[in-house]
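Student: Using only what follows, build the 3D model:
(2 chains)
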Amino acid sequence: MSKVIYKFGDDISTDIIYPGRFMATVLPSETPEFAFADEKDLNKLLNSKTVPADSIIIGGKNFGCGSSREQACSTLKGHELIIIAKNFARIFLQNSINLGLKTVICPDIDADVNDELEISEDKVFNKTKGKEYNIIPHTKTQQEIIQAGGLIPYSRKRLIEGSK
Amino acid sequence: MKQTIVQKILARASGKSFVNIGDIVEPKVDLAMSHENAALVMNQFLEIYKGTGLDPKVWDPNKIAIIFDHRVPAESRKTATNQKKIRNFIAEQGIFKFHDIRGDEMGICHQILPQYGYVRPGYVVVGTDSHTTSHGALGAFSFGIGATEMASVWTLGVMLNVPVPPTIKVVVNGALKKYVQPKDIILYLIGKITAEGANFKVIEFHGETIRNMSTSGRITICNMSVEAGATSGIVPGDEETIKYLREEAGVTEDIPLVNSDDEAEFDKIIEIDASSLVPQIACPHTVDNVKQVGDVEGTKIDQIVIGSCTNGRLDDLETAAQIIKGHKIAKNTRMLVFPASGKIYRQAMEKGIFEILMNAGAVIANPGCGPCLGVHQGALGDGEKALSTTNRNFKGRMGNPDAEVYLCSAAVAAASAITGVITDPTKGGY
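Tutor: Reported below is the predicted structural model:
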């Protein structure tokens, strides 16, 4: 069971998630501080360290549009968030799979701040509203990357196989 | 079976005779580009090698390009140190398609790749920058990826997990009116299909307007295809592509061309009548919030920006100079010009373009991404409005979430610089 901590509308860009002026900070261990830096309340909440792991942010359509900056995923992964959105922009979705940020594609999701959600393999159940919504699963290869622990171990395995 | 150009490119690069739309393929990469975010790519690349006992070596140093452009010259200690680490890595790995901070060779990555002939028709190009879609202008399948994916490419030489994308065919016919530009075509299209209208799809451009368009204009159009969510934009290579690569990039080898089959399977076909277009403006804070110039005419502008991978090329600067010649930039409006490369900078200087722009009051800055992504120069003050030839107007984009960015062509930017308000360049006798 996880709680919704914030709800966004459509077209949340990587400039909102991780503003460009922090892009010289690259290491995944250093990016969490700047998550939603210009959304002051959310940034403060995340950095207060009071948000439990697997807390949920709700997005609308086209979440993560814009730049390919991977910091936009590592910053959210650092706070151990789950992002549920109607759909995601391509590069952001692939980056999140590669880095192990949990993303859920749920086209009809309806959830508000403080709602409690249960996420299963193919459904999101909004316990507060008593309603259930279908999930569009990630592709087979994306699931393989997630199961391998991300693209780094996945590519490492391919490297070792290739060098034999 | 009939195929789109991207199906043909991916089939060739994956060692297959045919691929279906939706197949997952692992194409060999012909060119892998990064800018300053190579600092993160390096980190992830070394992570992949960790514990393997293998010596970390990129798969093919000939196929890697690294261009410093986002923060040049470095704006901070952190950036300068990242750039230094990247230089060391480049030297160790023998990467030579490297463009450092040098007046003779520098530029924005999406200008350098075509200008130096690094991209060819039919190539698979990946870049750790979302505007890598630009290189579709030369008939390549070219798309943006994340840093960890790039580390995987540096290691393995292939892109893992590429779904063969469906294609939207856009056919543009008719002649553009004077001072209506390629930027207006792509802004109009994004407004029509929305910021997610082409998500996970390719946009293929056809029609007489595209055939008659310079490579520069095609770069503008493919560059901004990502603002409709597209994996890539692509203009199948033609005589113009060959002419550009021979004359501009000095390519002497054969340049084989690839094209779509007429009867290929398209997701949909969109037709645009270029002759009926007027200048378009993308209004804050999304690129698909597109209006005709007349709808926002008179909006007061604090900062005009001409530059970027979208519209910082010689033809853009020439257009601006043609309009501004003999005029002064309005009081209380500042105009910043960022040529897309050192070569363009030199050409603009030699052609007297800088003299015209400077006499009018413009500031000519060094080649690079400039204020486009709000990290380096030209930040906006609270409540200010910018009118810019760049590609994004997201909240906070130009360094300040309490400011607004409007996007337009070089012609609109120049005409508006004179008046200090958003102005239609097709009126006023420029």
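
Student: B:Met33 against B:Ala140, yeah?
Tutor: No - contact criterion Cβ atoms under 8 Å: B:Met33 and B:Ala140 do not qualify, at 11.3 Å. Placement of C-beta: from N, CA and C, glycine included.

Student: With only the CA atoms kept, save stretch B:201-218 in PDB.
Tutor: Provided in PDB are the C-alpha atoms of stretch B:201-218 (Å, rounded to 0.1, in the frame of the first residue of the first chain):
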ATOM      1  CA  LYS B 201       6.700   7.300 -33.700                       C
ATOM      2  CA  VAL B 202       8.800   8.700 -36.500                       C
ATOM      3  CA  ILE B 203       7.700  11.700 -38.700                       C
ATOM      4  CA  GLU B 204       8.800  11.400 -42.300                       C
ATOM      5  CA  PHE B 205       8.700  14.600 -44.300                       C
ATOM      6  CA  HIS B 206       7.800  14.700 -48.000                       C
ATOM      7  CA  GLY B 207       6.400  17.100 -50.600                       C
ATOM      8  CA  GLU B 208       7.800  19.800 -52.900                       C
ATOM      9  CA  THR B 209       8.300  22.300 -50.100                       C
ATOM     10  CA  ILE B 210      10.600  19.900 -48.300                       C
ATOM     11  CA  ARG B 211      12.400  18.900 -51.600                       C
ATOM     12  CA  ASN B 212      13.000  22.600 -52.400                       C
ATOM     13  CA  MET B 213      14.200  23.300 -48.800                       C
ATOM     14  CA  SER B 214      17.900  23.700 -47.900                       C
ATOM     15  CA  THR B 215      19.500  21.200 -45.500                       C
ATOM     16  CA  SER B 216      19.500  24.000 -42.900                       C
ATOM     17  CA  GLY B 217      15.700  24.300 -43.000                       C
ATOM     18  CA  ARG B 218      15.300  20.500 -42.900                       C
END
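
Student: Am I right that B:Phe205 falls within a strand?
Tutor: Yes - assessed by DSSP: H, G, I helix; E, B strand; the rest coil, B:Phe205 belongs to a strand.

Student: Kindly provide the distance from the closest residue to it other than its chain neighbours to B:Ile242.
Tutor: Spatially, and ignoring its direct neighbours in sequence, B:Phe205 is nearest to B:Val235 (4.8 Å; Cβ to Cβ, 6 or more residues apart in numbering or on different chains). Applying Cβ to Cβ, to the nearest Å, the value for B:Val235 to B:Ile242 is 13 Å.

Student: do the same with B:Glu263
Tutor: For B:Glu263 relative to B:Ile242 (Cβ to Cβ), the value is 26 Å.

Student: more neighbours, the two?
Tutor: Between B:Glu263 and B:Ile242, B:Ile242 has the larger neighbour count (other Cβ atoms under 10 Å in any protein chain shown), namely 16 against 9.

Student: Pull the contacting residues for that one.
Tutor: Applying Cβ atoms under 8 Å, 6 or more residues apart in numbering or on different chains to B:Ile242 gives the contacts B:255, B:257.

Student: buried ones in the strand or helix carrying it?
Tutor: Here B:Ile242, judged by DSSP states H and E, is contained in helix B:239-247. By neighbour count, with 16 or more other Cβ atoms under 10 Å in any protein chain shown as the criterion, the buried positions of helix B:239-247 are B:240-242, B:244-245.

Student: can you redo these as CSV with distance to B:Pro425 and pLDDT?
Tutor: As requested, the buried residues of helix B:239-247 are arranged in CSV below (distance: Cβ to Cβ, whole Å; pLDDT from 0 to 100):
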residue, distance to B:Pro425, pLDDT
B:Glu240, 25, 98
B:Thr241, 29, 98
B:Ile242, 32, 98
B:Tyr244, 26, 98
B:Leu245, 31, 98
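
Student: dump the residue contacts of the nearest residue to B:Asp288 once chain neighbours are set aside.
Tutor: Spatial nearest neighbour of B:Asp288, chain neighbours left out: B:Ala195 (4.3 Å); criterion: Cβ to Cβ, 6+ apart. Residues near B:Ala195 by Cβ under 8 Å, 6+ apart: A:11, A:62, A:65, B:227-229, B:286-288.

Student: Could you look up the SS state of the residue most central in space within chain A?
Tutor: By Cα atoms, centre = their mean, chain A has its centre lying nearest to A:Ile83, at 4.1 Å. What three-state DSSP gives for A:Ile83 is strand.

Student: now what about stretch B:20-30, what contacts it?
Tutor: A:139-141, B:4, B:7, B:9-10, B:13-16, B:19, B:63, B:120, B:123-126, B:140, B:153, B:157-167, B:265.

Student: Narrow the residues you listed to just the buried residues.
Tutor: Counted by 16+ other Cβ under 10 Å, the contacts of stretch B:20-30 give A:141, B:4, B:7, B:9-10, B:13-14, B:19, B:63, B:120, B:123-126, B:140, B:153, B:157-167 as buried.

Student: Please point out which parts of stretch B:348-359 sit buried.
Tutor: Buried-residue list, stretch B:348-359, by 16+ other Cβ under 10 Å: B:348, B:353-354, B:356-357.

Student: What lies in contact with that stretch?
Tutor: If you take Cβ under 8 Å, 6+ apart as the criterion, stretch B:348-359 is touched by B:314, B:317-318, B:320-321, B:324-325, B:335, B:337, B:339, B:364.

Student: and the longest helix seen in chain A, what other elements does it pack with?
Tutor: The longest helix of chain A (DSSP state H) is helix A:151-163. On a contact count with 3 or more Cβ pairs under 8 Å, 6 or more residues apart in numbering or on different chains; DSSP states H and E, helix A:151-163 meets helix A:90-99, helix A:140-147, helix B:38-49, helix B:147-156.

Student: for that helix, which positions count as buried?
Tutor: So helix A:151-163, judged by 16+ other Cβ under 10 Å, has buried residues A:151-152, A:154-156, A:158-159.

Student: after the longest helix along chain B, next one along is what?
Tutor: Identified as the longest helix of chain B according to DSSP H is helix B:77-93. Once the chain leaves helix B:77-93, the next helix or strand it forms, by DSSP H and E, is strand B:97-99.
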